[in-house]
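K.L.:
Build the 3D model from these lines:
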Amino acid sequence: MQRVIWITLILLLAACSRKAGNQVIIPDEPPSEVIDHPAVVVYAHGNKSMIREKTDAVNAARLISELQIPVITTKNKNLEFVKRNGDRITLNISRLPEKYDIILFNSINNPLPCSSSDLPEAARNIFTKPQQRAPQKPVKDKELQLSPLPVGTDDTIKLPAKRQPALKKPEPKMRKFTLAVPDTTSADFRPREVPGIVFIENRVDMRTIFRLNFENDLITWNNTDRYFTNGVTLELQSPRWNQLAVARLMLPYRYNACSSASLVLVQNMYTSADTRIPPALINDRPFASYIYIGIKKVSSDYSRRFRLSSSLYSGIIGPYSAGSFFQTLVHKTFPTNDIPQGWDTQIHNDVILNYDIQLEKGLVESGLFSMSVLAGIQTGTLYSNAGGGIYARFGISDPLSGSPEKSGKAPWQAYLFFRGEGRIIGYDATLQGGLINRDNIYTLPGSQIKRLTGRAGFGLHVSYKGFGLEATQHFLTPEFNKGLAHRWGRLSLIFPL
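P.N.:
Numbers count the residues shown, from 1 in each chain. All right, here's what the predicted structure looks like:
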């Protein structure tokens, strides 16, 4: 019996040792991308922004343009390379050293990891430059040799047709390629020379800035308390907004420039000439309020002293914008204020969808003084107008159109500014009501709208290392027949994040 027990124990130990020696090896994750042709593969360690990936790919294509090798960008961890002889090599990118960010593959040798700085030399070593066919020497007529014909053949000699003059080949069309690169504010724009391609270097402003604007008709030396009564604007500038799908609707700029993108949230309120009494609903401004959210892009071209701004915003005008609630709450908070009368007659709910464009061309940029001309257009369901004017400032400030070499160099900025413009009015929903919902208690007819208005503003800007304060006084000519001129003030706070 003991022998049986010992034999059983020995067999169990042998079985266990066999299982331990034959451990199951879990293979790596199967390859998620197969490459079976010569290529330059650009990949990223960890998280890399879309702008940086695009920059690396374009730089690689530029450096090896003469070799005519395709450039591939990938975020896959495992790549499988197939050689001409059928061998397959699998690479796990996450296991490669951090200094490598490019893989070269010529379909003959094994894939070769390298860094961006070593790309030109490494690529020329493993890739063969395409050979150009030598042009054939044309045969002249007098060099044409005719041999005697064999007996019994047709004696008609067919001479070559008269050659037509060679047509001049049209020059290849130059393609423009926009290259988005982070703006380091440390170097000039560097032109890239690639046959058939014109690179447009769009530097992306990498700063994150928050701006708060508060406007009210009480911020004047003589309280008006009428018409445009209050406005709040929240603006957040960030390079992340350039990657939003809606950012593609912003106007592109076809020259080297530095661009910034911002999200904006705006609420404005409008009242009659006197909110202490019920409105007369004749020859007066209607009560109105709107709120919208939008995106704005600004492209600044320092070399041409030109700035292009475009913005798209959507929201609502009417009671849903909560203008009545906020103004009544403020007036109740301060005992000296009367409860506003007339919000029950405000313009009813309607949709806001607007697209605005503004152009600015610098005329003078000398010392402490700078001046530019403005032109702009607003089109949509809230405002439809066009206009132009001037903008000038005097003091210590960055260039109007921006400069990678000069922007942000001086910690202090302090200057006075003036802005004046005229506008041709097509439509104003705060006066005439929304375009879709025409069921309003009181609006102004189109015949009472003044089609030409003027506005001006002057103020002071002071900032230190990005933190800023700005105060502005605005003036506006009458917007409708028998209306009054108006003025209001604005305070702006600027915070770098």
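K.L.:
Residue ranges in the stretch 351-497 of the chain under the pLDDT threshold?
P.N.:
The stretch 351-497 of the chain contains residues with pLDDT under 70 at 402-410.
K.L.:
Strands of that one, start to end?
P.N.:
For the stretch 351-497 of the chain, applying DSSP state E, counting those that start in this stretch gives strands covering 369-380, 383-396, 412-428, 452-464, 467-476, 486-496.
K.L.:
can you give me the helices in the protein?
P.N.:
Remark: helices assigned in the chain by DSSP state H are 2-21, 50-63, 119-126, 323-333, 429-432.
K.L.:
can you tell me which residues contact the closest residue to residue 416 other than its chain neighbours?
P.N.:
In this structure, residue 416 finds its nearest non-sequential neighbour in residue 394, 5.2 Å apart by C-beta to C-beta, 6 or more residues apart in numbering. C-beta coordinates here come from the backbone N, C-alpha and C atoms, glycine included. Listed by C-beta atoms under 8 Å, 6 or more residues apart in numbering, the contact partners of residue 394 are 368-369, 415-417.
K.L.:
make it 6 Å
P.N.:
The neighbourhood of residue 394, defined by C-beta atoms under 6 Å, 6 or more residues apart in numbering, consists of 368-369, 415-416.
K.L.:
For ChimeraX, write a command that selects the buried ones of these.
P.N.:
In ChimeraX syntax, the buried subset of the contacts of residue 394 is picked out as below (16 or more other C-beta atoms under 10 Å):
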select :415
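K.L.:
now the end-to-end length of stretch 100-110.
P.N.:
End-to-end distance of stretch 100-110 (C-alpha to C-alpha, to the nearest Å): 16 Å.
K.L.:
Can you give the contact residues for stretch 456-463?
P.N.:
By C-beta under 6 Å, 6+ apart, stretch 456-463 touches 413-420, 469-472, 474-475.
K.L.:
Just the buried ones among those residues, please.
P.N.:
Burial by neighbour count, 16+ other C-beta under 10 Å: within these this picks out 413, 415, 417, 419, 470, 472, 474.
K.L.:
Roughly how far does the last one sit from residue 321?
P.N.:
Pointing back at residue 474 there. Separation of residue 474 from residue 321 (C-beta to C-beta, to the nearest Å): 22 Å.
K.L.:
Could you do the first one as well?
P.N.:
If you measure residue 413 against residue 321 using C-beta to C-beta, the figure is 35 Å.
K.L.:
Would you single out the least confident of the helices of the chain?
P.N.:
Mean pLDDT is lowest for helix 2-21 among the helices of the chain, at a mean of 47.
K.L.:
show me what contacts residue 121?
P.N.:
Taking C-beta under 6 Å, 6+ apart, one finds nothing in contact with residue 121.
K.L.:
got a pLDDT number for residue 343?
P.N.:
At residue 343, pLDDT is 95.
K.L.:
Give me the nearest residue to it, chain neighbours excluded.
P.N.:
Nearest non-adjacent residue to residue 343, counting by C-beta to C-beta, 6+ apart: residue 324, 3.8 Å away.
K.L.:
Go ahead and confirm that neighbour touches residue 345.
P.N.:
No. Taking contacts as C-beta atoms under 6 Å, residue 324 lies outside contact range of residue 345: 10.5 Å.
K.L.:
Could you measure from the residue nearest to residue 109 when sequence neighbours are not counted over to residue 464?
P.N.:
Distances taken as C-beta to C-beta, 6+ apart put residue 126 closest to residue 109, at 6.4 Å, once the chain neighbours are dropped. Relative to residue 464, residue 126 is positioned 54 Å away (C-beta to C-beta).
K.L.:
So between these two, which is more surrounded?
P.N.:
Remark: of residue 126 and residue 464, residue 126 carries more neighbours, 17 against 12, as counted by other C-beta atoms under 10 Å.
K.L.:
pretty sure that one contacts residue 106?
P.N.:
Yes. Between residue 126 and residue 106 there is a contact at 5.0 Å, judged by C-beta under 6 Å.
K.L.:
circling back to that earlier point, dump the strands of the stretch 351-497 of the chain to CSV, plus distance to residue 316.
P.N.:
Output for the strands of the stretch 351-497 of the chain, formatted as CSV (distance: least, C-beta to C-beta, whole Å):
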stretch, distance to residue 316
strand 369-380, 13
strand 383-396, 15
strand 412-428, 16
strand 452-464, 25
strand 467-476, 24
strand 486-496, 23
